[in-house]
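Participant: Below is the sequence, then the predicted model.
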Amino acid sequence: MNMNMMEAKESRAKHWLSYRSELKVLDCTIRDGGLMSDHHFDDKIVKAVYQACVDAGIDYMELGYKASKRIFSPTEYGRWKFCDEEDIRRIVGENDTSLKLSVMADAERTDYHVDILPRDQSVLDMIRVATYIHQIPAAMDLLKAAHDKGYETSINLMAISTIQEWELDEALEIMADSETEAIYLVDSFGAFYSEQTQYLARKYLRHAVPRGKVVGMHAHNNQQLAYANTIEAIILGANMLDASIGGLGRGAGNCPLELLLGFLHNPKFRLRPILQCIQEHIEPLRAELHWGFDIPYMITGLLNQHPRSAMMFNSSDDRMDIVKFFDTVIEEE
């Protein structure tokens, strides 16, 4: 066997190492995409995403948030900001499928004592807790309550690119000792390169694995690295993977589900239903919601900033003047 043939065979073998039966994929199209529409999605879109996830063999689908109606007005936000049980059941019925359903609950923004039902009264399977570093105590209370009500749980510590390392280490210790099943590495601002992803994934795994926890990856695409950074996390051992159909998500969006499924080589996943959903339902939304990579989102990613300024700019009359936006955010640095 010549060298070229040996190298090709080795390359194919490495490629198939992306298959791990323990890998789980979570679709966050409706939840993260809702940040571009104030969670106003009609039932047709939500049902289409749900059916695509079922047909494609996806493990989890995230429907939206469990937000407090005392804090967020139901007249301003769509129903997927709140995910009332009757709204969920209108889409999924009893969800007599292998697809598990989840919602996200923000620390200090969820009336979890009343809005999160006991597990035996809900079609939901998992509560995903999102928290900033200063909210960790409140997040732990929320997570424990969800666990005690019978749900699977995971926790997303957000904006970690802005906190000091000792804070992150302490937070990881607390999260690893909690009831959660999964701890997510979150690139909130799409600011990470492969080096940061490698370093942080290893750190998360060192804390999580000895306590029997899974590490997840949730990436944003400000620098067109969400897919690459997700692959990096997979290689190092992350086993919960977030992605969205067509990359639909806040600002620059997320790791595209269709790319991730192509990489995983898991025979339980089927790509065609996702492509059909993109063609018939997701792409027609793009002209209205304007998610995905563009220069303003790239600039906030490069500067390790929340994309809210880019989102405001893209909805303004100056949206074509990207140099003006660049000069403005640089001056504010």
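Facilitator: That came in fine, so what should we check first?

Participant: what about E179, neighbour count?
Facilitator: By other Cβ atoms under 10 Å, 14 other residues sit near E179. For every residue, glycine as well, the C-beta is placed using N, CA and C.

Participant: how much space between it and G247?
Facilitator: Separation of E179 from G247 (Cβ to Cβ, to the nearest Å) stands at 32 Å.

Participant: next one: V25
Facilitator: 14 Å.

Participant: And for S315?
Facilitator: 19 Å.

Participant: Settle it for me: which of the two has more neighbours?
Facilitator: Higher neighbour count among S315 and G247: G247, with 27 against 9, using other Cβ under 10 Å.

Participant: Which residues are in contact with that one?
Facilitator: N221, A226, G253, N254, C255, P256, W291, G292 (Cβ atoms under 8 Å, 6 or more residues apart in numbering).

Participant: from memory the second one sits against G190, does it?
Facilitator: Yes: distance between A226 and G190: 6.7 Å, which falls inside the contact criterion (Cβ atoms under 8 Å).

Participant: who touches both of those two?
Facilitator: Residues touching both A226 and G190 (Cβ under 8 Å, 6+ apart): A219, H220, A252.

Participant: Could I get those residues in JSON lines, plus columns for neighbour count?
Facilitator: Converted to JSON lines, those look like this (neighbours: other Cβ atoms under 10 Å):
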{"residue": "A219", "neighbour count": "28"}
{"residue": "H220", "neighbour count": "28"}
{"residue": "A252", "neighbour count": "27"}
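
Participant: what's the burial count for R70?
Facilitator: Neighbours of R70 (other Cβ under 10 Å): 8.

Participant: would it count as being in a helix?
Facilitator: No: under DSSP: H, G, I helix; E, B strand; the rest coil, R70 sits outside any helix and is assigned coil.

Participant: So what does it look like in phi/psi?
Facilitator: phi -80, psi -30 (degrees, to the nearest 10).

Participant: Show the pLDDT at the residue lying closest to it once chain neighbours are set aside.
Facilitator: Distance criterion Cβ to Cβ, 6 or more residues apart in numbering; nearest residue to R70, sequence neighbours excluded, is D111 at 6.8 Å. If you check D111, the pLDDT there is 97.

Participant: Can you give me the distance of D111 to I91?
Facilitator: From D111 to I91 the distance is 22 Å (Cβ to Cβ).

Participant: Domain boundaries for this structure, per the record?
Facilitator: The record, using automatic domain parsing to delimit domains, assigns the chain the ranges 19-289, 295-332.

Participant: Return the most buried member of these.
Facilitator: Across the domains of the chain, averaging neighbours per residue (mean count of other Cβ atoms under 10 Å) puts domain 19-289 on top, at a mean of 20.
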